[in-house]
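Enquirer: sequence first, then the predicted structure:
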Amino acid sequence: MKKETLIWLAIIIIIPFIIDGFGKSTGYYYNSKNNANTAQEEPQIVEQTTFNITIKVQNIKNTKGYIKLALFNESDNFPSDYEYAILSASKTIKDINDFSYTFESIDKGEYAVAVFLDHNSNKKLDTGIFGIPLEQYGFSNNPKINFKAPTFKESSFILDSNREIIINLN
């Protein structure tokens with residue numbers, strides 16, 4: 001073989017290794033699949049946008065009926081009109097000392113929860129004279145109840161991570 005041929009052959013074999021070594025030290029690497037120098041990308045951090053809200057209900061007096069829960073994201077119709085809640089659920093009570101329910105994959109935002117124990121399974125909070133509830137009820141943040149239902153603001157919380165909300169029934 002000629003001397004020039006050997007030099008060119010050596011250059012052709014050595015150059016990719018030089019480029020690869022240079023790329024590793026500078027953040028660029030030789031990509032043999034498309035023969036291009038490509039910047040190594042930093043891993044993308046994806047911000048979580050949905051979260052779970054676990055509601056734990058305490059002070060349940062008996063296991064007759066079921067717990068009705070509603071998740072609201074605005075003050076309109078809070079807390080009494082469950083039809084306008086963004087999510088609602090009903091769950092039978094099995095143990096008065098251990099009741100929980102989880103709303104899953106909820107977007108970041110401001111929310112409030114209303115809960116009542118429907119003893120007679122008529123799907124509404126029964127009230128007596130002057131609108132005083134006859135069944136147990138409660139709200140997120142456990143606001144003090146003074147002759148009226150609490151406002152959305154009094155019961156609301158910001159959801160920006162998974163949350164556990166404890167609601168004490170009245």
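Expert: Nice, thanks for sending it over.
Enquirer: now the residue nearest the centre of the chain: how far from S161?
Expert: Against the mean C-alpha coordinate of the chain, by C-alpha atoms, centre = their mean, the closest residue is F51 at 0.7 Å. Separation of F51 from S161 (C-beta to C-beta, to the nearest Å): 6 Å. Where C-beta positions appear, they are placed from N, C-alpha and C, glycine not excepted.
Enquirer: kindly report the same for K56.
Expert: 17 Å.
Enquirer: quick one: which of the two has more around it?
Expert: K56 (14 against 9; other C-beta atoms under 10 Å).
Enquirer: tell me which element that one falls in.
Expert: In the assignment (DSSP states H and E), K56 maps to strand 50-58.
Enquirer: and that strand, what does it pack against?
Expert: Applying 3 or more C-beta pairs under 8 Å, 6 or more residues apart in numbering; DSSP states H and E, we find strand 50-58 packed against strand 66-72, strand 99-107, strand 109-118, strand 163-168.
Enquirer: what mean pLDDT does it get?
Expert: Throughout strand 50-58, pLDDT has a mean value of 97.
Enquirer: what lies in contact with it?
Expert: For strand 50-58, contacts defined as C-beta atoms under 8 Å, 6 or more residues apart in numbering pick out 67, 69, 71, 99-108, 111, 113, 115, 138, 140, 159-169.
Enquirer: run the last query once more with 6 Å
Expert: 67, 69, 99-107, 113, 115, 159, 161-168 (C-beta atoms under 6 Å, 6 or more residues apart in numbering).
Enquirer: can you map out the helices along this structure?
Expert: 3-26, 152-155 (DSSP state H).
Enquirer: what's the least confident stretch among the ones you listed?
Expert: helix 3-26 (a mean of 58).
Enquirer: could you list the low-pLDDT ranges of this protein?
Expert: Applying pLDDT under 70 to the chain flags residues 1-40.
Enquirer: would you confirm that S75 contacts F152?
Expert: Yes - counting by C-beta atoms under 6 Å, S75 does reach F152; the two are 3.6 Å apart.
Enquirer: between those two, point out the one with more neighbours.
Expert: Taking other C-beta under 10 Å, S75 and F152 do not tie; F152 has more neighbours (19 against 14).
Enquirer: ok, that one - contacts?
Expert: Each residue near F152 by C-beta under 6 Å, 6+ apart is listed here: 75, 78, 112.
Enquirer: now render those as a markdown table, adding distance to L134.
Expert: What follows is the contacts of F152, written out as a markdown table (distance: C-beta to C-beta, whole Å):
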| residue | distance to L134 |
| --- | --- |
| S75 | 25 |
| F78 | 21 |
| A112 | 23 |
